[in-house]
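A.B. asks: With the input below, show me the fold.
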Amino acid sequence: MTERVTPKADKATPTHNDEVDWDSWPVADYLAENYREVHPSDAAVIGHHSAFYRRLAPGAIGRSVEFGAGPNLYPLILAAAASRRIDAVEAGAGNVAYLERQIMCGPEASWLPFHALCRELNPDLPATLAGSLAHVDVVHGDVRDLPPGGYDLASMHFVAEGATEDRAEFADFCRTFVRCVAPGGHLVAAFMENMPTYRVGPASRWPGCPVNPKIVTEVFAPLTRELTVTRTDADPTLPDYGDSGMVLLTAVSAVSAV
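C.D. replies: Down below sits the predicted model:
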């Protein structure tokens with residue numbers, strides 16, 4: 001079981017994104033703990049997102065972005081059904097190197113069941129895993145530097161609430177996420193529910209900002225229309241990070257890109 005860490009939000013000064021060494025993110029430990037098999041939580045997110053992507057015609061999205069991609073491939077696979085180009089924007093050097101290897105050298109076999117489930121739920125996906133990743137460009141950069149209105153669709157998984165312990169900075173990340181698509185652009189996201197500061201692997205400590213459907217709705221409602229927010233229960237097959245499940249979102253941007 002993964003050791004829980006007392007949330008720093010209980011202390012005088014929460015940890016902010018720029019205080020964290022994202023280049024030292026433990027890619028191998030994170031993948032081993034979370035993505036070497038399709039867990040029930042993965043299936044729940046993939047099912048939710050596949051219903052969203054099935055509403056979009058194949059190739060209807062010119063440019064989409066995975067906002068803080070990390071080493072997780074299944075959001076990129078999901079986006080391939082509708083997107084002609086997918087930018088995987090990631091700040092951590094280790095995550096960038098992993099993504100580039102998966103695309104240039106071929107993805108690891110452990111991602112094949114993820115692709116199979118995604119394609120089962122959305123047959124518009126390319127028939128192969130490599131084909132689903134063929135239009136992905138890995139961008140080594142800070143998501144906060146993305147130009148406003150540059151995308152037709154934005155996807156985000158476990159980023160805003162896992163980048164900081166500060167609620168205001170969480171909301172800032174969410175606003176940046178919304179504004180990186182043009183008005184009327186599509187949004188799809190997943191958040192860990194009530195996740196505190198936590199460990200990955202034997203030692204590394206990472207920030208967490210506990211959020212729930214009410215908080216997510218309060219942040220996104222002024223910025224979007226057609227907002228839907230749902231949740232899933234905690235997954236007992238995953239390490240105990242201290243979360244209580246996941247919050248899932250779809251919406252359309254209703255804010256100016258400037």
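A.B. asks: Pull up the pairing partners for the longest strand anywhere in the chain, direction included.
C.D. replies: Ordering each strand of the chain by length in residues (DSSP state E) puts strand 181-193 first. According to DSSP bridges, strand 181-193 forms sheet pairs with strand 151-157 (parallel), strand 245-253 (antiparallel).
A.B. asks: who touches the shortest one?
C.D. replies: Translated: strand 151-157. With CB atoms under 8 Å, 6 or more residues apart in numbering as the test, strand 151-157 has contacts from 45, 49, 56, 61-68, 70, 72, 75, 78-79, 82-83, 87, 177-178, 180-182, 185-190. For the C-beta atoms, the positions are set from N, CA and C on the backbone; glycine is no exception.
A.B. asks: Try it again at 7 Å.
C.D. replies: With CB atoms under 7 Å, 6 or more residues apart in numbering as the contact definition, strand 151-157 has outside contacts at 61-68, 72, 75, 79, 83, 177, 180-182, 185-190.
A.B. asks: Kindly provide the whole-number mean pLDDT of the longest strand of the chain.
C.D. replies: Across strand 181-193, pLDDT averages out at 97.
A.B. asks: So for it, what gets flagged as buried?
C.D. replies: Of the residues in strand 181-193, 181-182, 185-193 count as buried by neighbour count, 16 or more other CB atoms under 10 Å.
A.B. asks: From residue 90, how far off is the most centrally placed residue in the chain?
C.D. replies: Closest to where the C-alpha atoms of the chain average out (CA atoms, centre = their mean) is residue 157, at 1.5 Å. According to CB to CB, to the nearest Å, residue 157 and residue 90 sit 12 Å apart.
A.B. asks: what do you get for residue 52?
C.D. replies: Distance from residue 52 to residue 90, counting by CB to CB: 22 Å.
A.B. asks: So which of these two has more stuff around it?
C.D. replies: residue 90 (28 against 20; other CB atoms under 10 Å).
A.B. asks: which residues touch that one?
C.D. replies: 68-70, 96, 99, 140.
A.B. asks: Pairing partners for it in the sheet, please.
C.D. replies: Assigned bridge partners for residue 90, using DSSP bridges, are residue 140.
A.B. asks: Quick check, pLDDT for it.
C.D. replies: The model reports residue 90 with a pLDDT of 98.
A.B. asks: again with residue 198
C.D. replies: 86.
A.B. asks: Kindly report the same for residue 85.
C.D. replies: At residue 85, the model reports a pLDDT of 98.
A.B. asks: Skipping adjacent residues, who's closest to it in space?
C.D. replies: Nearest residue to residue 85 in three dimensions, chain neighbours excluded: residue 63, at 5.0 Å (CB to CB, 6 or more residues apart in numbering).
A.B. asks: That neighbour and residue 43, how far apart?
C.D. replies: 28 Å.
A.B. asks: can you count the residues close to residue 146?
C.D. replies: Using other CB under 10 Å, residue 146 has 21 other residues around it.
A.B. asks: ok, it to residue 132 distance?
C.D. replies: Relative to residue 132, and taking CB to CB, residue 146 is found at 23 Å.
A.B. asks: hmm, back to that, what's the residue nearest to residue 85 in contact with, if anything?
C.D. replies: So, once contact is read as CB under 7 Å, 6+ apart, residue 63 ends up touching 85, 151-152.
A.B. asks: just so I have it, where are all the strands in the stretch 1-150 of the chain?
C.D. replies: Using DSSP state E, counting those that start in this stretch, the strands of the stretch 1-150 of the chain run over 64-67, 86-90, 136-140.
A.B. asks: For the shortest one, give the mean pLDDT please.
C.D. replies: Across strand 64-67, the average pLDDT comes to 98.
A.B. asks: quick one, helices of the stretch 51-200 of the chain?
C.D. replies: Listed in chain order, the helices of the stretch 51-200 of the chain (DSSP state H, counting those that start in this stretch) span 74-79, 93-104, 112-121, 129-132, 167-179.
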